[in-house]
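S.K.: 3D model of this:
(chains A and B)
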Amino acid sequence: MADESANNSKPFDPMEPWRGMRDAYLDAWAKSMVEMVNTEAYAQATGAMLDSYLTVSAPFREAVEKAMLKTLEQLAMPTRADVVSIAERMTNIEMRLDDLDAKMDSIVKAIAPAKPHGEAGLAAARKAPQQARKASRTNPAARRKK
Amino acid sequence: MPEAAVMTDPFTHAANRLKTLNKVMTTKAAIAQTPKELVWALNKAKLYRYSPVLPAEKRHPVPLLLVFALMNRPYILDLRPGHSFVEYMVKQGYDVYLLDWGAPGPEDKNLKFDDYTLEYMPRAIRKMKAISGSEEFSLLGWCIGAILTSIYSALRPDDGLRNLILLTAPLDFSNKQGLTFARWVDERYFDIDKVLGAFGNMPGEMIDYGAKALKPVENYITNYLKLWDNLDDPRVVEAWHAMNTWVTDNVPLAGGAFRQLIVDLYRNDRLMKGELEIRGQRVDLSRIRANLLTVIAEGDHITPSCQSESIMSKVSSADKELFRVAGGHIGIMAGSGASKFTWPHINGWLAARSE
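M.R.: I've put the predicted structure just below:
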């Protein structure tokens, strides 16, 4: 009964049959296209297109690169090669810093073996001074020692 | 008056639909919203730690590191609230870390698998260990990320890796007839020196075209018709918008790594044959001893199941499982069925091995 009323409340969509036909056609087309792209002929054709594009565009790319290089030199601006070289050096510096960070971590770990490591250790270290202060407040002897 | 209302209603409806379409096609969805902090960075790579939501005593002590592919953004793992693998795992009590490779620039064109697996991954893992306080960890690699995690696991088996999860892992390239990509990048048709000579890195747009051209009708037509048919359904529109934001956010692949992917793997299947050399070391998959879960997407057209099955007989892991799930390459982790099938299975498997 409920289903019936639900079906009745669904507005009639005149496009529904057309959509069904469209989807069936697209499914069939999709299958044939998947088969088509998985052929040697397709691989050969796309390879040839890419190769032609790279061959034809190479002289233009080279000309633009040369012109850009000249322009940047004239303007006393760094070229792409300069920027790349600096970026590579920055990465090397980052790696050395990371090495130092690793060594620092191992030293800290070695000199404080009893201390719990990681997040728990950090939390414990943060708690420790508070607990010491609390103890000195409740223990007059500890306060006198200070 | 009622006649006027009937007359204007279809126009208002059409205008609203066009407004939604315009918004979806021209804006980016709010993605990757699970709270996280940057804990390590090197060059373009970044390691994020997701903020735990459970108290420390209720969390699994073994941290989990997620490694995604090099040529896509990793936020597919944290797509949108309520539909995020990261959010789900954080709620299950894991200390979750994500390694984001970033987008390589011209200065990174020589980066290879060697650098990613023996320079970046060990450093990020060291940092994760220092923060979590655990000497053991779990690794989840997806797609090319699964290649990297497999290589790392084979080269550094004593690094504390307890659990290895490989999602849609393209590791076996022996079945050339079953791999459309292998046909396209055959040396007779695809001149890799010329491509990398022109571009340095493999452009993200070309990789995107390659992935979409495997199923051209679905990706270039049906996908948009699905949106058009469902423009009145906010749930479908929101999901489509988030996925489209991710799909169109392409990243180039470092030239050195792309060359290895094509020459060493697609053309010569060196990883599975045990002939792949990383910084002079032969990658021997039998050195992997960690507990292994391999997840295969049954409808995967990018990484067919034949590429992920044979790893099971190569590794030395005593505890290993092959899990097949219905869905596509991305759908198994980010589709509507992910939270019902894939995520709970991964959680169940990992929870039992993370105490």
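S.K.: from here on, contacts and neighbour counts on C-alpha atoms
M.R.: Noted.
S.K.: assumed B:Glu37 was part of a helix.
M.R.: No: using DSSP: H, G, I helix; E, B strand; the rest coil, the assignment for B:Glu37 is strand, not a helix.
S.K.: now it: how far from chain A?
M.R.: 14 Å (CA to the nearest CA, to the nearest Å).
S.K.: partner residues bridging that residue?
M.R.: B:Arg49 (DSSP bridges).
S.K.: look up how far B:Asp191 lies from it.
M.R.: 42 Å (CA to CA, to the nearest Å).
S.K.: of the two, who's got more company?
M.R.: Taking neighbours as other CA atoms under 10 Å in any protein chain shown, B:Glu37 and B:Asp191 compare with B:Asp191 leading, 16 against 11.
S.K.: the more buried one: what's it in contact with?
M.R.: By CA atoms under 8 Å, 6 or more residues apart in numbering or on different chains, the residues touching B:Asp191 are A:Asp51.
S.K.: ditto for B:Ala334
M.R.: B:Ala334 touches B:Ile76, B:Leu77, B:Leu79, B:His83, B:Ser84, B:Phe85, counting by CA under 8 Å, 6+ apart.
S.K.: please identify which of those is nearest to chain A.
M.R.: Closest to chain A out of those is B:Phe85 (23.4 Å), distances taken as CA to the nearest CA.
S.K.: the closest one: neighbour count?
M.R.: Around B:Phe85 there are 23 residues (other CA under 10 Å).
S.K.: leaving out the residues flanking it, which one is nearest to it?
M.R.: Counting by CA to CA, 6 or more residues apart in numbering or on different chains, B:Leu77 is the residue found nearest to B:Phe85 once chain neighbours are left out, at 5.4 Å.
S.K.: what sits against B:Pro106?
M.R.: Counted by CA under 8 Å, 6+ apart, B:Pro106 has contacts A:Val84, B:Gly200, B:Asn201.
S.K.: the residue nearest to B:Phe85 and B:Ser84 touch, don't they?
M.R.: Yes: with contact defined as CA atoms under 8 Å, B:Leu77 and B:Ser84 form a contacting pair (6.0 Å).
S.K.: which of those two has more residues huddled nearby?
M.R.: Neighbour comparison, B:Leu77 and B:Ser84: the larger count goes to B:Ser84, with 24 against 21 (by other CA under 10 Å).
S.K.: quick one, phi/psi of the more buried one?
M.R.: Backbone torsions of B:Ser84, given as degrees, to the nearest 10, read phi -130, psi 120.
S.K.: pull the contacting residues for it.
M.R.: Here B:Ser84 is in contact with B:Ile76, B:Leu77, B:Asp78, B:Ala334 (criterion: CA under 8 Å, 6+ apart).
S.K.: quick one: it from B:Glu57, how far?
M.R.: Taking CA to CA, one finds B:Ser84 at 24 Å from B:Glu57.
S.K.: same question for B:His345.
M.R.: For B:His345, the distance to B:Glu57 - CA to CA - is 23 Å.
S.K.: more neighbours: these two, which one.
M.R.: B:His345 (16 against 8).
S.K.: in which helix or strand does the more buried one reside?
M.R.: Assigned by DSSP states H and E, B:His345 belongs to helix B:342-351.
S.K.: what are the buried residues along that helix?
M.R.: B:Thr342, B:Trp343, B:Pro344, B:His345, B:Ile346, B:Asn347, B:Trp349, B:Leu350 (16 or more other CA atoms under 10 Å in any protein chain shown).
S.K.: which strands or helices does that helix pack on?
M.R.: helix B:85-91, helix B:331-334 (3 or more CA pairs under 8 Å, 6 or more residues apart in numbering or on different chains; DSSP states H and E).
S.K.: run a quick neighbour tally on the residue in chain B that chain A sits nearest to.
M.R.: The nearest approach of chain B to chain A comes at B:Gly133, 3.9 Å away (CA to the nearest CA). For B:Gly133, the count of nearby residues is 18 (other CA under 10 Å).
S.K.: can I take it that B:Leu140 is in a strand?
M.R.: Yes: counting by three-state DSSP, B:Leu140 is located in a strand.
S.K.: burial count for it?
M.R.: With neighbours defined by other CA under 10 Å, the count for B:Leu140 comes to 22.
S.K.: repeat for B:Gln92
M.R.: 19.
S.K.: for it, what are phi and psi?
M.R.: Main-chain torsions, B:Gln92, degrees, to the nearest 10: phi -80, psi 0.
S.K.: can I get the contacts of B:Ala334 in JSON lines with distance to B:Ile311 and pLDDT?
M.R.: Compiled in JSON lines, those are given as follows (distance: CA to CA, whole Å; pLDDT from 0 to 100):
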{"residue": "B:Ile76", "distance to B:Ile311": "25", "pLDDT": "96"}
{"residue": "B:Leu77", "distance to B:Ile311": "24", "pLDDT": "97"}
{"residue": "B:Leu79", "distance to B:Ile311": "29", "pLDDT": "95"}
{"residue": "B:His83", "distance to B:Ile311": "30", "pLDDT": "95"}
{"residue": "B:Ser84", "distance to B:Ile311": "28", "pLDDT": "97"}
{"residue": "B:Phe85", "distance to B:Ile311": "25", "pLDDT": "97"}
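S.K.: name the residues that touch the helix holding B:His345?
M.R.: Contacts of helix B:342-351 (CA under 8 Å, 6+ apart): B:His60, B:Phe85, B:Tyr88, B:Met89, B:Gln92, B:Asn163, B:Leu293, B:Val325, B:Ile332, B:Met333.
S.K.: can we see that at 6 Å?
M.R.: Residues outside helix B:342-351 that contact it (CA atoms under 6 Å, 6 or more residues apart in numbering or on different chains): none.
S.K.: and it, average pLDDT?
M.R.: Averaging pLDDT along helix B:342-351 yields 97.
S.K.: and B:Gly327, how far from B:Ser336?
M.R.: 10 Å.
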